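Engineer: Structure for this input, please:
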Amino acid sequence: MDYRRQAALSLAWFLDSLGRPVRLPPPGLGLGEMWRLSNRALSELLKLRTRERERLISFRRGFSPAAADAELRRNRVLFIARGEDLYPLRLAYTPDPPVGIFAHCLPFRQDRLAVCLQKPRVAIVGARASSPYGTGAAAMIAAGLGKSGVCVVSGMAMGIDAAAHRGALETPGGSMAVLGGGVDVVYPAANRQLYQLLAENGAVFSEYPPASRPRPWRFPARNRIIAGISRAVVVVEARERSGSLITADFCLEQGGEVCAVPGSVFSELSAGPNRLIQEGAMAVTNAGDLLQALGLEAQGSSADASRGGSSPAADLSREEEKVYAALDSSPRQPDTLVDRTGLSSRRVAASLIALEIKGLACHEPGRGFSRLR
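Structural biologist: From the prediction side, this is the model:
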């Protein structure tokens, strides 16, 4: 293992142990050079507090990069150090690039991850407590992008993030998530199935070592990575003070394209994207708008690109068709759908999961399922 990789692994684990955000100096100083600094010089460079300087001394004595790297591979996690070939180039030139990225994908192979990272990428972000309009728009645009080979990036949160991931999962572009904790920590827990699908159809990334618990400050920090690995950021629904707008700001700083889906003037969830449009962001109503702006070719007819695919019924089993027909824009509990379809509760549950994965149904916790298209 070369020294740069050893330094990146050491810095990643040490910075995580501090339990607070630490802004690294500009990339002009190499990771190897940084880790070779004396304890005093590195403490001053990182602006460490007194107890953190003591932690640095003990950490350097006890940490083994080789052992950490071997443990990562046993747990099917790949570490990409800044400066290595797989490290996203745009991310490397952001104001605060992470020292490395932890990645998880199935099957666990470096060439499999390389394929994901070679695709053009667009981020779709928005409110956790989204509306059916917002989740429907996110899934539709994501499906249209994915059909044209664009990988959809988001943060695996509830609401818009989850809808965007699911819309793109079964397309050629696929989807990848950037987490606010370790790549082996599923958060929120309700998205466990989505996490598994992302690992199998794309990849899961984090700048934090495995087992790192999500903390509030880590989510704004991870937003800079979402923006840094994406050519554009699409904000679907967001209130005036939203983490999604932080992602948009990062995108602007990094020279990317900021886009927004216009929404109702009567909805608080539309305040963020509508303001972005007023300030010059591109208004997006379908995937074709974005593909054209980025100079990417839409696959299929223009109608397909705007809808994100063919008619829903074309890809559904008979049972899924029945459940889809029983849904409407208002959330319905599974028991109600059992009565409407005459199917067993087990078959209704399986069909709802399939419809959700295909971007045709939205699960609103505590309320039930609603139709997206």
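Engineer: which residues in the stretch 251-373 of the chain form strands?
Structural biologist: Assigned by DSSP state E, counting those that start in this stretch, the stretch 251-373 of the chain shows strands spanning 257-260, 282-283, 361-364, 368-371.
Engineer: Could you pull up the mean pLDDT of the first one?
Structural biologist: Yep, that's strand 257-260 we're talking about. The pLDDT scores in strand 257-260 average 94.
Engineer: quick one: least confident helix or strand in this protein?
Structural biologist: helix 302-307 (a mean of 40; mean pLDDT, DSSP states H and E).
Engineer: what's the helix or strand Leu197 falls within packed up against?
Structural biologist: Element membership of Leu197, judged by DSSP states H and E, is helix 192-201. In this structure, helix 192-201 packs against helix 160-169, strand 175-178, with contacts taken as 3 or more Cβ pairs under 8 Å, 6 or more residues apart in numbering; DSSP states H and E. Where C-beta positions appear, they are placed from N, C-alpha and C, glycine not excepted.
Engineer: Out of those, which one sits most buried?
Structural biologist: helix 160-169 (a mean of 30; mean count of other Cβ atoms under 10 Å).
Engineer: relative to helix 192-201, how tilted is that helix?
Structural biologist: Using axes from the mean of the first three to the mean of the last three Cα atoms, to 10 degrees, the inter-axis angle of helix 160-169 relative to helix 192-201 is 40 degrees.
Engineer: returning to what we had before: could the helices and strands packed on helix 192-201 be laid out in CSV, adding mean pLDDT and distance to Glu237?
Structural biologist: Converted to CSV, the helices and strands packed on helix 192-201 look like this (pLDDT from 0 to 100; distance: least, Cβ to Cβ, whole Å):
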stretch, mean pLDDT, distance to Glu237
helix 160-169, 95, 6
strand 175-178, 96, 19
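Engineer: any idea whether the closest residue to Pro172 other than its chain neighbours is helix, strand or coil?
Structural biologist: Distance criterion Cβ to Cβ, 6 or more residues apart in numbering; nearest residue to Pro172, sequence neighbours excluded, is Gly149 at 5.1 Å. Following DSSP: H, G, I helix; E, B strand; the rest coil, the label given to Gly149 is coil.
Engineer: how about JSON lines for the helices and strands packed on helix 192-201, with distance to Leu145 added?
Structural biologist: Shown next, in JSON lines, are the helices and strands packed on helix 192-201 (distance: least, Cβ to Cβ, whole Å):
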{"stretch": "helix 160-169", "distance to Leu145": "7"}
{"stretch": "strand 175-178", "distance to Leu145": "10"}
